[in-house]
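>>> Provided below for reference: sequence and predicted model.
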Amino acid sequence: DAMVIQNPRYQVTQFGKPVTLSCSQTLNHNVMYWYQQKSSQAPKLLFHYYDKDFNNEADTPDNFQSRRPNTSFCFLDIRSPGLGDAAMYLCATSRVGQGTRNEQFFGPGTRLTVL
Amino acid sequence: RKEVEQDPGPFNVPEGATVAFNCTYSNSASQSFFWYRQDCRKEPKLLMSVYSSGNEDGRFTAQLNRASQYISLLIRDSKLSDSATYLCVVYRGSYIPTFGRGTSLIVHP
């Protein structure tokens, strides 16, 4: 089945130790998104890629970086995780273009714990 | 004013009840609107798009009121399995989404 896959599902890291989260998709969608969601809060958009074009939200901390080496894969790098970065990180994809509704499809998320 | 606002609830209703949620948005130029459902500790899943003329999918009806800048979701004949958080999503531009914080629904026997 076509889908959005995130690895790992659970990640534990130490304060300040870099961590990379991965997302892959078999939907061949042109847009990929990364969100941070904390308990009882809305998913917060961090950045997105439209094809290879990277778009950073204005309030995304510099501590967060992203890479999209090809259409199928996208990575979220947290350079120096703080306690406040503990959250669920959601990857989503969308096919954007003429005649599309642009709805998003989400992966299962990676739950990050920072010790 | 937040871009997208929802009453967090929780809405606590008995099985079989009809319940409605509203979501207001601030950007009058918004073009696309969706409702997502999110179960506890799971990812959001698309429930339905919201079309200008309103649309229905089984027990679910979505409406858009552009003049007052809100969308609504009506659930008829609530089931226990409808218990979840319902997220309103409004797009700025054609594909940049802003999520509301969600409305929690609890359906009890």
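Good, I have the coordinates.
>>> rest of the way, CA atoms for contacts and neighbours
Noted.
>>> number of nearby residues for residue A:73?
Applying other CA atoms under 10 Å in any protein chain shown, we find 17 residues neighbouring residue A:73.
>>> again, but for residue A:107
24.
>>> and what of residue A:50?
18.
>>> what are the bridge partners for it, then?
residue A:31, residue A:53 (DSSP bridges).
>>> Now tell me which helix or strand of chain A has the poorest mean pLDDT.
strand A:53-56 (a mean of 92; mean pLDDT, DSSP states H and E).
>>> Over to chain B?
strand B:96-99 (a mean of 92).
>>> Okay, now the sheet partners of the helix or strand following that strand, with direction.
Downstream of strand B:96-99, the next assigned helix or strand under DSSP states H and E is strand B:103-108. Neighbouring strands of strand B:103-108 in its sheet, by DSSP bridges, are strand B:11-14 (parallel), strand B:84-92 (antiparallel).
>>> Run through who's touching strand B:103-108.
B:6-15, B:21, B:78-87 (CA atoms under 8 Å, 6 or more residues apart in numbering or on different chains).
>>> Any idea which residue of chain B lies closest to chain A?
residue B:101 (3.9 Å; CA to the nearest CA).
>>> Not counting sequence-adjacent ones, nearest residue to that residue?
residue A:42 (3.9 Å; CA to CA, 6 or more residues apart in numbering or on different chains).
>>> The one you found: what's it in contact with?
Per CA under 8 Å, 6+ apart, neighbours of residue A:42: B:87, B:99-102.
>>> could you measure it against residue A:72, distance?
Separation of residue A:42 from residue A:72 (CA to CA, to the nearest Å) stands at 26 Å.
>>> ok, the residue of chain B closest to chain A - contacts?
By CA under 8 Å, 6+ apart, the neighbours of residue B:101 are A:40-43, B:5-6, B:8, B:87-88.
>>> so residue B:99 touches residue A:44, yeah?
Yes. Using CA atoms under 8 Å, residue B:99 is in contact with residue A:44, at 7.4 Å.
>>> who in chain B is up against chain A?
B:32, B:34, B:42-46, B:49, B:87, B:94-95, B:97-102 (CA under 8 Å from any CA of the partner chain).
>>> Repeat the analysis, applying 10 Å as the threshold.
Residues of chain B lying close to chain A (CA under 10 Å from any CA of the partner chain) are B:4, B:8, B:32-34, B:36, B:40-46, B:48-49, B:85, B:87-89, B:91, B:94-104.
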